[in-house]
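**Student:** I'll drop the sequence and a predicted model, then ask my questions.
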Amino acid sequence: MTRWYQEKKKEHFYKKAKKEGYRARSAYKLKDIQKKFSLIKKNDFVLDLGCAPGGWSQITREIIGNNGKIIGVDISSVKSMRGVFFIKGDMTEDDTVKEIEQVLGNKNVDVVLTDMSPDISGNYDMDQARSIYLCKKAFETAQVFLKSNGNFVCKAFEGKDMDEFFKVLKNKFRDVKRFSPKSSRKSSSEIYIIGKGFEK
């Protein structure tokens with residue numbers, strides 16, 4: 001596939017997102033994931049880690065309706081969104097975890113989402129390792145807040161650490177799959193790991 005076609009595809013989803021009022025073209029990746037796996041249901045409580053600029057929270061909000069709840073966490077500021085509680089903080093830090101606990105009260109969440117990527121250095125091995133590190137940290141957070149039989153999705157770059165992390169998830173979820181959304185660029189090494197049926 002030519003670079004020209006890849007850029008046209010990227011531009012297509014960017015324009016589509018603008019037209020339909022989504023904050024990022026990545027919103028369509030969650031739409032693809034939801035269509036395939038039905039991770040999120042009406043009235044769910046959802047934790048969106050690394051949520052900026054808010055595209056995944058928008059899609060989640062559409063699915064869960066007015067009686068569900070979304071907590072979005074990011075180190076960057078995020079423009080407010082109706083029905084979404086944003087926490088500015090680093091999900092790897094205790095203070096942020098405590099703030100999530102305060103918002104949730106005694107409840108656990110039905111779904112933990114993360115579309116986080118590391119800052120790209122250009123060194124693929126380093127970037128891939130960092131992406132898996134973020135997935136591991138997201139999963140650590142998920143183990144704190146995810147209810148039994150809950151669902152999890154994270155984004156990683158393909159590479160040598162992927163299989164080991166995949167095995168870790170297989171020990172904690174009833175079903176674990178790799179998935180590449182159609183809205184991802186064909187040249188992209190990103191893959192989404194889907195965990196369904198969390199076993200506490």
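**Tutor:** Now that the structure is in, tell me what you want to look at.
**Student:** Going by C-alpha atoms from here, please, whenever you check contacts or count neighbours.
**Tutor:** Noted.
**Student:** Who does the spatially most central residue of the chain form a beta bridge with?
**Tutor:** Nearest to the mean C-alpha position of the chain, by C-alpha atoms, centre = their mean, lies residue 114 at 2.1 Å. According to DSSP bridges, the residues that bridge with residue 114 are residue 49, residue 154.
**Student:** mind listing what it touches?
**Tutor:** Residues in contact with residue 114 (C-alpha atoms under 8 Å, 6 or more residues apart in numbering) are 48-51, 135, 138, 153-155.
**Student:** what is the rounded mean pLDDT of the longest helix along the chain?
**Tutor:** For the chain, the longest helix by residue count, based on DSSP state H, is helix 124-145. Averaging pLDDT along helix 124-145 gives 95.
**Student:** repeat for stretch 64-72
**Tutor:** pLDDT averaged over stretch 64-72 gives 95.
**Student:** Which secondary structure element of the chain has the lowest mean pLDDT?
**Tutor:** helix 3-20 (a mean of 55; mean pLDDT, DSSP states H and E).
**Student:** Who wins on neighbours among the contacts of residue 114?
**Tutor:** residue 153 (27 neighbours; other C-alpha atoms under 10 Å).
**Student:** And the helices in the chain, which stretches?
**Tutor:** 3-20, 27-37, 55-64, 94-104, 124-145, 162-170.
**Student:** What are the buried residues along the last one?
**Tutor:** This points to helix 162-170. Buried residues in helix 162-170, counting neighbours by 16 or more other C-alpha atoms under 10 Å, are found at 162, 165-166, 169-170.
**Student:** mind listing what the residue nearest to residue 43 when sequence neighbours are not counted touches?
**Tutor:** Nearest non-adjacent residue to residue 43, counting by C-alpha to C-alpha, 6 or more residues apart in numbering: residue 68, 3.8 Å away. For residue 68, the contact set (C-alpha under 8 Å, 6+ apart) comprises 42-46, 61.
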